[in-house]
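the following block contains a protein sequence and its predicted model.
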Amino acid sequence: MPTSDRIYLDYAATTPCDPDVVTAMLPYFGDVFGNPSSIHRDGQRGWQAVERARKAIASALNCASGEIVFTSGGSESDNLALRGVVLAAQRNKQRPHLITTAVEHHAIGRTLAQLHTDFNCDVTYLPVDQHGLVSAAQVAAAIRPETRLVTVIYANNEIGSIQPIADLAHVCKEAGVLLHIDAVQAASQLTIDVDALGVDLMSLGAHKFYGPKGVGALYIRRGTPITVTQTGGAQEQGLRAGTHNVPLIVGMGKAIDVVVAQREAYNAHVQHLRDLLIEQVLTTIPDAQLTGHPTQRLPNHASFVFKNIDGNDLLMRLDMVGISASSGSACSTGNPEPSGVIKALGLPQDWQLGSLRLTVGKHTTQAEIATTVQKLREIITKMRATSPAVQRETV
């Protein structure tokens, strides 16, 4: 759990393990230690635990157990989806065309960049509107005869906006194109029913929904052409070699059960706090702007830009007063440049560096929101008092 002397508002970066998840994992660190690929009884106890977790995840996704492949996390799931589809297409002597957006996680963006440079793939990056969204019409217009895959983040990790996945899926299905979604941020709060969404591939990471770090899954709809990218043993239907990490897989299965059971109450709790946070920041801090869609956003996600503020400096000052936050993706914290997501929103340059992401969770309280807003207002006031850019504006 977050420590009592600090305020943790970075649940989009990671969540603490639920106590029930920790309890479920513990036996598999000691008593039940057999390799699940072994045929003896000790190994089969591990295998049964893996399969129970697989069934739990399949149930949450409304799919068959055989359509779930365990990975080391969301980034590996993204890599397997993209590289696997590309390699399958190239095996058939095709030069695949892929479509994505300008606001994807680095696990998608950098993988596509390498596929373009090193594997002769053609990639189209669709621009987004001021809320970070793409439309089905944009996707439809970009599809070509050689298009093999559209990959879109379900809910954006930096700005919280939720893409119209079902609409995009309809366009892709009509054109006979695969749709992959990065649902790492979405799984804790949104539906992950693959039939309702209409997706062919979906990436998950357990540590975003109160499970352990280092484990994830990729849903692959049966019949999807995909090639193995990590060779070795025949684990995971031959699609992901390597000894199963049984404790973490068990933890992911338990975490998904907890998420499904608690989602309605969880969303009500976090959305109330999120709305309170957004309202108080925007009404008490001058030159503050919400990023992402005002309503079509994750229930726990608040993100802002502040004019003439250095986001990294702001983060350090918040940390010094006991508040854990982020300037966007936790993968890029510390970079002095504005993120690609913030740039894609078309904000003026004097706003781009001042991004802040505050994400609430099951342990967040209303008192913590009040304290955070007060400290944030004090810090920004002090920063602007010594800002050369602000001084120039007041002359």
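Perfect, I can see it now. A quick note: this is a predicted structure, and the numbers were derived from the prediction, not measured.

so what's Q94 scoring on pLDDT?
Note on Q94: pLDDT of 83.

how far does the longest helix belonging to the chain sit from its chain's centre?
The longest helix of the chain (DSSP state H) is helix 246-284. Relative to its chain's centre, helix 246-284 lies at 14 Å (Cα atoms, centre = their mean, to the nearest Å).

check which helices and strands the helix or strand following that helix is in contact with.
From helix 246-284 onward toward the C-terminus, using DSSP states H and E, the following helix or strand is strand 288-290. Judged by 3 or more Cβ pairs under 8 Å, 6 or more residues apart in numbering; DSSP states H and E, strand 288-290 is in contact with helix 246-284, strand 301-306. To be clear about C-beta, it is placed using only N, CA and C from the backbone, and glycine gets the same treatment.

could you dump those to CSV with distance to V103, mean pLDDT and mean neighbour count?
Listed next are the helices and strands packed on strand 288-290 as CSV, based on distance: least, Cβ to Cβ, whole Å; pLDDT from 0 to 100; neighbours: other Cβ atoms under 10 Å:
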stretch, distance to V103, mean pLDDT, mean neighbour count
helix 246-284, 20, 98, 19
strand 301-306, 12, 98, 26
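
just send the ones you listed back as a markdown table, with distance to G214 too.
Output for the helices and strands packed on strand 288-290, formatted as a markdown table (distance: least, Cβ to Cβ, whole Å):
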| stretch | distance to G214 |
| --- | --- |
| helix 246-284 | 5 |
| strand 301-306 | 24 |
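
quick one: the closest residue to R148 other than its chain neighbours from P145, how far?
By the measure of Cβ to Cβ, 6 or more residues apart in numbering, the closest residue to R148 outside its immediate chain neighbours is P96, 4.1 Å from it. Distance, P96 to P145, using Cβ to Cβ, to the nearest Å: 11 Å.

between the two, who's got more neighbours?
Neighbour count, other Cβ atoms under 10 Å: between P96 and P145, P96 has more, with 21 against 7.

now do the contacts for the more buried one.
85-86, 89-90, 121-122, 146-149 (Cβ atoms under 8 Å, 6 or more residues apart in numbering).

repeat that for V21.
Contacts of V21 by Cβ under 8 Å, 6+ apart are 210-212, 251, 254-255, 258.

farthest pair in those residues?
Greatest spacing in the contacts of V21, by Cβ to Cβ: P212 and V258 (12.6 Å).

can I get stretch 113-131 in PDB? Just the C-alpha atoms.
Listed next in PDB are the C-alpha coordinates belonging to stretch 113-131 (Å, rounded to 0.1, in the frame of the first residue of the first chain):
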ATOM      1  CA  ALA A 113       9.700   2.700 -36.200                       C
ATOM      2  CA  GLN A 114      12.100  -0.300 -36.200                       C
ATOM      3  CA  LEU A 115       9.700  -2.400 -38.300                       C
ATOM      4  CA  HIS A 116       9.800   0.500 -40.900                       C
ATOM      5  CA  THR A 117      13.500   0.900 -40.800                       C
ATOM      6  CA  ASP A 118      14.800  -2.600 -40.500                       C
ATOM      7  CA  PHE A 119      11.900  -4.700 -41.900                       C
ATOM      8  CA  ASN A 120      10.700  -2.700 -44.800                       C
ATOM      9  CA  CYS A 121       7.200  -2.000 -43.400                       C
ATOM     10  CA  ASP A 122       5.100   1.000 -44.400                       C
ATOM     11  CA  VAL A 123       3.500   2.800 -41.500                       C
ATOM     12  CA  THR A 124       0.800   5.500 -41.500                       C
ATOM     13  CA  TYR A 125       0.600   7.700 -38.400                       C
ATOM     14  CA  LEU A 126      -2.900   9.300 -38.100                       C
ATOM     15  CA  PRO A 127      -3.100  12.700 -36.500                       C
ATOM     16  CA  VAL A 128      -5.400  13.200 -33.600                       C
ATOM     17  CA  ASP A 129      -7.900  16.000 -32.600                       C
ATOM     18  CA  GLN A 130      -7.300  18.400 -29.700                       C
ATOM     19  CA  HIS A 131      -8.500  15.600 -27.300                       C
END
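
how far off centre is it?
On Cα atoms, centre = their mean, the centre of stretch 113-131 falls 19 Å from that of its chain.

that older thread, which secondary structure elements does the longest helix of the chain sit against?
Packing partners of helix 246-284 (3+ Cβ pairs under 8 Å, 6+ apart): helix 19-25, helix 41-61, strand 288-290, strand 301-306, helix 366-385.
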